[in-house]
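> Would you be able to build a 3D model of this:
(one chain, ligands or ions: 1)
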Amino acid sequence: MDFVHYCTYCLLSRGLFTRIFLRPVIASSSIAKQAVKMVKGNKTKVINFAPGPAKLPQEVLIQAQKEILNYESTGVSVLELSHRSKEYTALNQEAIDNMRKILDVPSNYKVIFCQGGGYGQFSFVPMNLMKEGGSADYLVTGTWSSKAANEAAKHGQVNYVFPKPKAFTTIPDVKEWKLNKDASYVYYCANETVHGVEFDFIPETNGVPLVCDMSSNFLTRPVDVSKFGCIIAGAQKNIGCAGVTVVIVREDLLGRSLPYCPTSFNYKVVADANSLFNTPPTYSVYIMSLVLKWILKEGGLTEMAKRCVMKSSALYNILDNSNGFYNSLVESTARSRMNVVFRLPSEDLEKKFVSEADEQGYMHVKGHRSVGGLRVSLYNAVMLHEVEHLIEFMKHFQEKYSK
Ligand SMILES: Cc1ncc(COP(=O)(O)O)c(C=O)c1O
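Just a heads-up that it's a prediction; the model follows:
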């Protein structure tokens with residue numbers, strides 16, 4: 001290598017060329033300023049504890065990035081692919097098949113993909129399952145089941161199985177429940193995302209179809225699907241991004257929708273069309289299909305359940321051993337493995353916690369605006385080492401402010 005080539009090599013390989021010659025030119029343009037900001041952003045370590053839309057497995061994002069311009073050699077993005085194409089039809093079928101496999105869905109159940117979010121289902125459930133002039137039983141244990149009951153009351157009579165508690169911190173004793181044997185269905189929310197209250201059992205309804213909103217703990221542990229008439233779950237917490245809601249419904253409950261139920265939200269119509277009745281949220285189904293493959297590869301629901309317990313126990317352990325500095329209001333038997341909700345001695349400290357956590361890259365630890373406090377969400381894509389990281393921060397925070 002001669003002297004000139006050697007100097008050029010040194011300049012290029014050590015980044016000196018960029019620093020000396022290119023940076024002043026680049027830095028003058030506003031586009032470059034944005035680019036520098038992005039590099040800075042990438043350097044900051046961020047851990048996403050959001051309640052949903054939430055963290056996705058990194059492998060899923062990398063796969064989606066690889067395929068964004070050219071899906072399965074079609075030459076186009078999934079975003080641009082017809083839902084009637086053979087590639088999308090295959091993707092849709094694979095997602096349904098993997099869902100059935102992961103949850104061991106019995107053959108007399110349909111798996112369908114809907115739009116309209118979890119909130120939409122609060123109406124679609126009664127429109128599909130409430131008998132005309134009928135009633136439904138609602139177990140109200142937090143914000144989401146409360147909202148679901150309000151929506152259902154527009155379509156029939158709603159019976160509250162137990163009086164609405166003043167504070168949602170527990171699941172009332174089964175002995176106090178008043179179930180109605182003539183109800184069209186019994187409804188509950190398996191995990192209340194806002195209050196951090198989770199059922200650790202499946203309610204017994206003595207033959208009345210059981211409907212469950214599993215939006216925030218779906219595919220986080222094995223579930224006996226045969227115990228349910230219908231399961232609904234938005235994807236944006238544990239199994240994908242916003243836009244698609246999964247419905248798993250027992251076949252004998254199909255075909256009894258109220259006359260005004262919109263066709264595109266009629267479970268039978270959507271099931272008969274294999275979730276291709278009208279244009280589905282194709283990209284959301286695609287992301288979900290990648291997450292389902294990831295769950296299978298990681299060891300399925302037994303593994304997801306193990307991880308959830310490890311992550312949430314580590315965090316609750318810190319709360320319980322903080323001499324009341326971190327305070328969980330939820331009764332121990334109803335504590336959520338997904339959304340760990342807690343308070344600090346003052347609102348001022350809670351604000352400090354949120355802002356210092358944010359500075360350190362722990363995103364979205366603020367409690368829901370309706371209840372305040374703090375909430376750390378530990379969905380499937382959040383790793384144990386990330387929780388351990390947060391725990392270290394929490395220990396330092398307590399040391400600093402507990403005097
Ligand atoms: C348990 C539960 N059900 C329903 C919903 C409402 O879902 P969406 O915002 O998709 O309508 C949420 C939202 O966070 C939720 O956590």
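> Okay, K227 and S332: tell me how far apart.
Per CB to CB, to the nearest Å, K227 is found 24 Å from S332. Where you see a C-beta, it was placed from the backbone N, CA and C, and this is true even at glycine.
> Revised request: answer the last question for R307.
For R307 relative to S332 (CB to CB), the value is 20 Å.
> higher neighbour count, K227 and S332?
Higher neighbour count among K227 and S332: K227, with 13 against 9, using other CB atoms under 10 Å.
> tell me the contacts of that one?
By CB atoms under 8 Å, 6 or more residues apart in numbering, the residues touching K227 are 202, 210.
> Check the burial of T263 by counting its neighbours.
Neighbours of T263 (other CB under 10 Å): 11.
> Oh, that last question was meant for N317, not what I typed.
11.
> got it, and F124?
If we define neighbours as other CB under 10 Å, then F124 has 25 of them.
> Would you check that S257 makes contact with S264?
No: using CB atoms under 8 Å, S257 is not in contact with S264, being 11.8 Å away.
> Which one of the two is surrounded by more residues?
When neighbours are counted by other CB under 10 Å, S257 and S264 differ, and S257 comes out ahead with 21 against 15.
> what's the spacing between the more buried one and N128?
Plainly put, S257 is 5 Å away from N128 if you go by CB to CB.
> shared neighbours of these two, which are they?
266-267.
> Do you know the pLDDT at the residue nearest the centre of the chain?
In the chain, the C-alpha nearest the mean C-alpha coordinate belongs to K237, at 1.0 Å (CA atoms, centre = their mean). Confidence at K237, expressed as pLDDT, is 98.
> sec struct for the residue lying closest to it once chain neighbours are set aside, please.
Leaving aside its sequence neighbours, K237 sits nearest to G52 (CB to CB, 6 or more residues apart in numbering; 4.0 Å). Put simply, G52 is coil when judged by DSSP: H, G, I helix; E, B strand; the rest coil.
> burial count for G52?
Per other CB under 10 Å, the neighbour tally for G52 reads 21.
> ok, it - contacts?
Residues in contact with G52 (CB under 8 Å, 6+ apart) are 193, 215-216, 234, 236-237, 242, 377, 379.
> And it, how far from the ligand?
Using CB to the nearest ligand atom, to the nearest Å, we find G52 at a distance of 5 Å from the ligand.
> Listing request: residues of this protein with sub-threshold pLDDT.
For the chain, residues meeting the criterion pLDDT under 70 lie at 1-44.
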